[in-house]
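> Kindly generate the corresponding structure for this input.
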Amino acid sequence: MSTTNFDIVVFGATGFTGRLITRYLASHPQFTQGLFSFAIAARSQSKLHTLVQDLKLPSRINTIQVDVTDFKSVEAVVRRARVVINTVGPYWRWGTPVVKACARNGVHYVDLTGESVWIKEIINQFDYLATKTGAIIVPSCGYDSIPSDVSAYLSNKTLKSHGDYDVATSISGQKVRGGISGGTLSTVFTLLEDVPRDKLRDSAREHSLSPGETPAPGAFFLMAPANKKLVQRTFGLLELQRIEASQLGLPAEVAKITRRESYGPSFAYDEFLILPSRFSAIAFSTMFPVSTSPTNLFVTQLRWLLKKFLPAPGSGPSEESMEKGFFEIVNHTTSTSTPSVHVKSVFKGDRDPGYALTAIMISESALSLLLPPVSKPPPPFKTSSLPEGLPALAKKGGVLTPMTAFGDVLITRLIDTERFSYESHVVGQASSSESRKDV
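Numbering: from 1, shown residues only. Reported below is the predicted structural model:
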């Protein structure tokens, strides 16, 4: 692999979310201190030039013209990076060559997909290869699906701090205010128009992304299918790690750590949307699935109307609208023990979760693979090694999830931005401030 020129390359920098990511990275304290470098890449050189002018980017941020349909072009750019941030969706249509190039060359990768069917494809194609090259491939590093992954992770961590318990159920309720972009809608239409029906059905199965399976309770939330499958993959990867540590006779301390990190074989996760009243919840749960059902959306005329009147790719909510956005995810976890132990975790974000906060989440995910958090001492010298504190699975590479790749490092980074907060405690026991000290 050739020498890298940049710590991060942002693919799709001229898109709506790509611009937000570029702006965030350019103002990041670790960038202004010279602790990391990055370049922005897109298909149109003129749009890159306009972006540089609009954001008044410094000259040390290079621009790179790349066409994601040209694999040789993609691989040439990937080889110049340590971490790729890929915002070019729909990922089913455009994402695979970028993942392939990263997996082949041992380059780390993060994206914003919520397309479970595509994630299953890249697991099947590139997970093994990535473990051999050391590439850490982490899909769904935005509002899809970091809050869900974090909430289940925090509750398990708090539960384990109070004893050797396994999780029975982990259920998250979400409150959210945010806008929608044309790129998100384009992804929905691509899944309906381009993905074979058998692959959609297969990816819709419970635990379709996880190495292991457990039963799960049911609830309705628009983003629940993608979020559930990602959390289930976290569970499966951690459970497989625990089993391997036990069967391979690894040192007792290693086995103890994997036992503490695992959620337990009976783990079941679900999500729902928190609404003001029981009536509104029933009405929403009844009407929304009918209006957006695959049966209806597969109708060509309806898709044509939606494309005509909803936001076009490249557009998104206004700055004022994003300032007013937020999310709050409340997770309730119970143990398998009798009597059961009940943990409540709350994870909050202040700003539009799908765009303003997503730009922060994916940027901090990429930086988790390069540097310690802002609140920690900077490294004495630049190194190509992974920062301390990342989970053991990250050191093995492969197609991972936010919590199996970044763990506490990412949570600390998000808290450092002062846009996120959390609390986690056993109900009726310790205060949240005590739990926060563990991360």
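> Helices along the stretch 251-400 of the chain, start to end?
252-261, 278-291, 294-297, 300-309, 319-323, 356-368 (DSSP state H, counting those that start in this stretch).
> tell me the pLDDT at residue 159?
What the model reports for residue 159 is a pLDDT of 98.
> Next, name the residue at the spatial heart of this structure.
In the chain, the residue lying closest to the centroid (Cα atoms, centre = their mean) is residue 141, at 2.1 Å.
> who's in contact with it?
Contact partners of residue 141, counting by Cβ atoms under 8 Å, 6 or more residues apart in numbering, are 110, 111, 112, 361, 362, 365, 366, 402. Quick note: C-beta positions are derived from backbone N, CA and C, even for glycine.
> Run through the stretch 251-400 of the chain and note the low-pLDDT ranges.
276-314 (pLDDT under 70).
> The same query, at a cut-off of 50, please.
279-299, 302-303, 305, 309 (pLDDT under 50).
> Tell me the one among the contacts of residue 141 nearest to residue 256.
Comparing these against residue 256 with Cβ to Cβ places residue 402 closest, at 23.7 Å.
> separation between the closest one and residue 416?
16 Å (Cβ to Cβ, to the nearest Å).
> Compare neighbour counts for those two and give me the winner.
With neighbours defined as other Cβ atoms under 10 Å, residue 402 and residue 416 compare such that residue 402 has more, 29 against 15.
> could you give the angle of the longest helix along the chain to helix 252-261?
The helix that spans the most residues within the chain, counting by DSSP state H, is helix 224-247. On the basis of axes from the mean of the first three to the mean of the last three Cα atoms, to 10 degrees, helix 224-247 is oriented at 160 degrees to helix 252-261.
> Return the distance of helix 224-247 from the chain's centre.
The chain centroid and the centroid of helix 224-247 are separated by 15 Å under Cα atoms, centre = their mean, to the nearest Å.
> Please save the CA atoms from that helix in PDB.
Coordinates of each C-alpha in helix 224-247 appear next as PDB, following Å, rounded to 0.1, in the frame of the first residue of the first chain:
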ATOM      1  CA  ALA A 224     -36.400   0.700  13.900                       C
ATOM      2  CA  PRO A 225     -35.700  -2.000  11.300                       C
ATOM      3  CA  ALA A 226     -32.200  -0.500  10.400                       C
ATOM      4  CA  ASN A 227     -31.400   0.400  14.000                       C
ATOM      5  CA  LYS A 228     -32.400  -3.000  15.400                       C
ATOM      6  CA  LYS A 229     -30.300  -4.900  12.900                       C
ATOM      7  CA  LEU A 230     -27.300  -2.800  13.600                       C
ATOM      8  CA  VAL A 231     -27.700  -3.200  17.400                       C
ATOM      9  CA  GLN A 232     -28.300  -7.000  16.900                       C
ATOM     10  CA  ARG A 233     -25.000  -7.100  15.000                       C
ATOM     11  CA  THR A 234     -23.200  -5.500  17.900                       C
ATOM     12  CA  PHE A 235     -24.800  -8.100  20.200                       C
ATOM     13  CA  GLY A 236     -23.800 -10.900  17.800                       C
ATOM     14  CA  LEU A 237     -20.200  -9.700  17.400                       C
ATOM     15  CA  LEU A 238     -19.700  -9.300  21.200                       C
ATOM     16  CA  GLU A 239     -21.300 -12.700  22.000                       C
ATOM     17  CA  LEU A 240     -19.100 -14.400  19.400                       C
ATOM     18  CA  GLN A 241     -16.100 -12.700  20.900                       C
ATOM     19  CA  ARG A 242     -17.100 -14.000  24.300                       C
ATOM     20  CA  ILE A 243     -17.600 -17.600  23.100                       C
ATOM     21  CA  GLU A 244     -14.300 -17.600  21.200                       C
ATOM     22  CA  ALA A 245     -12.400 -16.400  24.300                       C
ATOM     23  CA  SER A 246     -13.900 -19.200  26.300                       C
ATOM     24  CA  GLN A 247     -13.400 -21.900  23.800                       C
END
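> That'll do, ta.
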